[in-house]
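Trainee: one predicted model, sequence on top.
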Amino acid sequence: DKAIRDRLGSVKVTADLRARLDRIENDNDKDPQKRARIRLRVKGEGIVNKDIKGVFRLATGGTSDITSTNESFEDNFSLDPFSVDQAYLDWSPVDSNGISEWGLKAGKFTPNWESTLISFDGDTNVEGLGWNFFRTDDHWRVNLAQLVPETAGFYLVNQVGYRDLFTEGLDAYATYHYMDEEAFYLTRDQVTKDSKNFNSALKNQLVLTDFADDSTFSQWE
């Protein structure tokens, strides 16, 4: 109501709730499994000035569920975890015509480069700095994301793309991913030497082994 809006001021709060029942078919003759799941997300967006806004989002899901905010009803009525899903500042200067040609994000946010579900999980929120540059008149778009994971390593993504190539709705992007050794995974040797260190890491971090150069990983998309 009006009293709540007046107290929040420039902060806009929205929320969404989803409940579903999964039916999981088995390869054998056993009966299908059923799994009840729920997702709750609460998002706040505050306007600092015409160019800067702050955004946060809280969501169900614990630290062991970095690619999903769905919670299953399987913990005997205990409390389900509620964590920080997003938290970032968005600086997007607007010119005299009301057009923003570049933007800078800092914090934990949705990936700022164009991707598909084949190349990057859409439920994963990245951390660090993300810079976007695009011009509305010639359709060029450039994305640069410097991501800083929990460890000392880093993950760097560069992307150049062109929207509406030849015809409306056809976009083309070239993306370069670079990940150093300590960014998201531990080598098998590290796991063997220090199992405590491995157990303290997220359960679904990658463990990569078979690289000609085990210090870096890069890929064009």
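Mentor: Thanks, I have the structure now. All figures in this text were calculated on a predicted structure; none of them were measured in a lab.

Trainee: from here on, just use CA atoms for contacts and neighbour counts.
Mentor: OK.

Trainee: in CSV, could you pull the C-alpha coordinates for stretch 50-69?
Mentor: C-alpha atoms of stretch 50-69 as CSV (Å, rounded to 0.1, in the frame of the first residue of the first chain):
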residue,chain,number,x,y,z
LYS,A,50,19.6,8.4,-13.3
ASP,A,51,22.8,6.4,-14.2
ILE,A,52,23.3,4.0,-11.2
LYS,A,53,21.0,1.4,-9.6
GLY,A,54,21.6,-1.2,-7.0
VAL,A,55,20.0,-4.7,-7.2
PHE,A,56,19.8,-7.6,-4.9
ARG,A,57,17.9,-10.9,-5.0
LEU,A,58,17.4,-13.5,-2.3
ALA,A,59,16.4,-17.0,-3.4
THR,A,60,15.9,-20.5,-2.0
GLY,A,61,18.9,-22.8,-2.5
GLY,A,62,22.1,-23.4,-0.5
THR,A,63,25.8,-23.1,-1.3
SER,A,64,25.7,-26.7,-2.6
ASP,A,65,23.2,-25.7,-5.3
ILE,A,66,25.1,-23.1,-7.3
THR,A,67,23.2,-23.9,-10.5
SER,A,68,19.7,-24.2,-9.1
THR,A,69,17.5,-22.2,-6.7
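
Trainee: which residues are contacting that stretch?
Mentor: Applying CA atoms under 8 Å, 6 or more residues apart in numbering, the external contacts of stretch 50-69 come out as 39-48, 70-71, 80-94, 121-124, 202-204.

Trainee: filter those residues down to the buried ones.
Mentor: 39-47, 70-71, 82, 84-92, 124 (16 or more other CA atoms under 10 Å).

Trainee: for the residue most central in space within the chain, which non-adjacent residue is closest in space?
Mentor: The centre of the chain sits closest to Asn125, judged by CA atoms, centre = their mean, with a distance of 1.6 Å. Spatially, and ignoring its direct neighbours in sequence, Asn125 is nearest to Thr110 (4.8 Å; CA to CA, 6 or more residues apart in numbering).

Trainee: roughly how far does His139 sit from Leu147?
Mentor: Using CA to CA, to the nearest Å, we find His139 at a distance of 25 Å from Leu147.

Trainee: so which of the two has more stuff around it?
Mentor: Just comparing His139 and Leu147: by other CA atoms under 10 Å the higher neighbour count belongs to Leu147, 22 against 13.

Trainee: hmm, that one is touching Asn158, no?
Mentor: No: using CA atoms under 8 Å, Leu147 is not in contact with Asn158, being 11.2 Å away.

Trainee: Gly61: how many residues sit nearby?
Mentor: So Gly61, with other CA under 10 Å, has 24 neighbours.

Trainee: where does the prediction get shaky in the protein?
Mentor: 1, 4-5, 7-8, 29, 63-67, 135-138, 146, 148-153, 181-217 (pLDDT under 70).

Trainee: so where do the helices sit in it?
Mentor: Ranges of helices in the chain, per DSSP state H, are 2-8, 188-193, 195-200.

Trainee: before we move on, back to that, tell me the contacts of the residue nearest to the centre of the chain?
Mentor: 85-86, 108-111.

Trainee: cool, Leu156 as well?
Mentor: Neighbours of Leu156 in contact, by CA under 8 Å, 6+ apart: 144-147, 177-179.
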